[in-house]
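**Q** sharing a model prediction with you, sequence too.
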Amino acid sequence: MNIAIILVIAAVLALGIILRLAVAQSLQAKSSANLAGTIRPIDLAAFRNLISPVEDDYLRRRLPPAQFRVVRRERLRAMAAYVHVAGRNAAVLVRVGEAALANGDPRIAEAAHQLVNDALLLRRNATVALARIYLALAWPNSGFAAVRVVDRYQEVSSTAMLLGRLQNPAVPVRLSSLS
C-alpha cells in the first residue's frame, strides 16, 4: 500500500514538473519577437553520417567491442542533439506557419498550411527518434534509424524556404547548412 502511495505522489510531481516546463517554454517562445531568428541551422551531411548504418558497420568491424560501445554511445548522444534541435526548429516553424495562415494571399496560406503539417509531423518523428536514441544508449549494439527525421527535416526546410520567399523574397530562410 505504501509503495502505491509513493508511486502516485511521484507521478503527480513528475506531471507538475512537465507542465511547468511546458508552460515556461511556451511563454518564452511567445515573448520572442523574431521567431525565424530562433531557428538553429543543422548540418545535414554530418547528421546523415551519424545515422548511417554503413558507418556503424564499419566502426563495428574496425573497433574492439568495448571501444565500439563507447564510440556508439557518443554518436548516439550527438544524434540526440541533432534530433533535439530539429524538434525545436519544428516547434518554431509551427508558430511561424500559424502566424502566416492569417495572410490573405492564398499561395502564402497554402504554403503555411503545408509548413504547419510538415513541422508537426517532424516534431512527432523527433520525439519518437529521441525515445529510440535513449533506448539505444542502454543497448548500443542495437540498430537505429533516424532517417525519417532527416528526410522530414529536409521537407520542412523546403516548405519553410518556399513560405519565406513568398512572404519576403529579399530575406533568405536557412534551416540547414546543406539543402
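**A** Here it is on my side, so go on.

**Q** nearest residue to V156 other than its sequence neighbours?
**A** Leaving aside its chain neighbours, V156 sits nearest to D118 (4.6 Å; criterion: C-beta to C-beta, 6 or more residues apart in numbering). Any C-beta I mention is one placed from the backbone N, CA and C, and that applies to glycine too.

**Q** that neighbour contacts Q154, correct?
**A** No: here D118 lies out of contact with Q154, judged by C-beta atoms under 8 Å, at a distance of 10.1 Å.

**Q** so between these two, which is more surrounded?
**A** More crowded of D118 and Q154, by other C-beta atoms under 10 Å: D118, with 22 against 18.

**Q** which ones are touching the residue nearest to V156?
**A** 152, 155-156, 159 (C-beta atoms under 8 Å, 6 or more residues apart in numbering).

**Q** ok, and the most crowded of the residues you listed?
**A** For those, the largest number of neighbours (other C-beta under 10 Å) sits with V156, at 27 neighbours.

**Q** check contacts around that one.
**A** 89-90, 93, 115, 118-119, 122, 175 are the contacts of V156 under C-beta under 8 Å, 6+ apart.

**Q** name the SS class of it, please.
**A** What DSSP: H, G, I helix; E, B strand; the rest coil gives for V156 is helix.

**Q** how much space separates it from H113?
**A** Look at V156 and H113: by C-beta to C-beta, to the nearest Å, they are 13 Å apart.
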